[in-house]
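Colleague: How does the following fold in three dimensions:
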Amino acid sequence: MHSTNESADTKTEFEQSITVNAAADSIFAFISDVKNVPQYLPTIKNAQPQEGERIRTQGQVGDHSYDSDGHFRVDQQARRLQWGSDGENDYNGWLEVQGNGGPQSEVKVHIHYAPRPEMAQKMAERSPGHSFEAAMHEGISKTLESIKRICEGKGGKEEIAANQ
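Modeller: Residues are numbered from 1 along each chain as shown. Below is the predicted model of the structure:
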């Protein structure tokens, strides 16, 4: 048995999905383009592709600015993205777009995030639900809602409460 420095009741896995009235291929073409990442991810202001399957992102959450590197893998055939950050944050995830052969598609996001306790606390303080889990759910739902609005031609990015 191994021990960790996080409490056993801290959730680290999050998953949500949304139905989008658009073809799966067009949704995936939009979200898999690194240049479009700032259009649908609430905290990201800038994203640049790097050498290989790498990405550099800059953004802001409340009063905390960040500049981080990570991987960004695109599997066109499976319509699946996988990403993760380098360094001290234990953060990674995937996104899949599944079509039903018609005008609707499902976009599903799964995130694993086990931040340092002080970061989880900051996220909780800025969250409408005053918990790390509420902050994560808000970020994922705003991301999915942004993808839906943009791909359906009904608007742009949704901001999280901490950035409004």
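Colleague: and the longest helix for this protein?
Modeller: helix 132-151 (DSSP state H).
Colleague: Identify the neighbouring strands of the longest strand along the chain in the sheet and state each direction.
Modeller: Counting residues, the longest strand found in the chain (DSSP state E) is strand 64-75. Strand 64-75 sits in its sheet next to strand 54-61 (antiparallel), strand 80-85 (antiparallel), going by DSSP bridges.
Colleague: Tell me the buried residues in it?
Modeller: 70, 72, 74 (16 or more other Cβ atoms under 10 Å). C-beta coordinates here come from the backbone N, C-alpha and C atoms, glycine included.
Colleague: Grab the nearest non-local neighbour of the second one.
Modeller: Computed as Cβ to Cβ, 6 or more residues apart in numbering, the closest residue to residue 72 that is not its neighbour in sequence is residue 55, at 3.8 Å.
Colleague: same thing with the first one?
Modeller: Take residue 70 and drop its neighbours on the chain: the residue closest to it by Cβ to Cβ, 6+ apart is residue 85, 4.1 Å away.
Colleague: contacting residues around that neighbour?
Modeller: 68-70, 91-92 (Cβ atoms under 8 Å, 6 or more residues apart in numbering).
Colleague: I figured residue 26 hits residue 151, correct?
Modeller: Yes. Using Cβ atoms under 8 Å, residue 26 is in contact with residue 151, at 6.9 Å.
Colleague: Please identify which of the two sits among more neighbours.
Modeller: residue 151 (22 against 13; other Cβ atoms under 10 Å).
Colleague: My read is that that one contacts residue 20, right?
Modeller: Yes. Between residue 151 and residue 20 there is a contact under Cβ under 8 Å: 5.3 Å.
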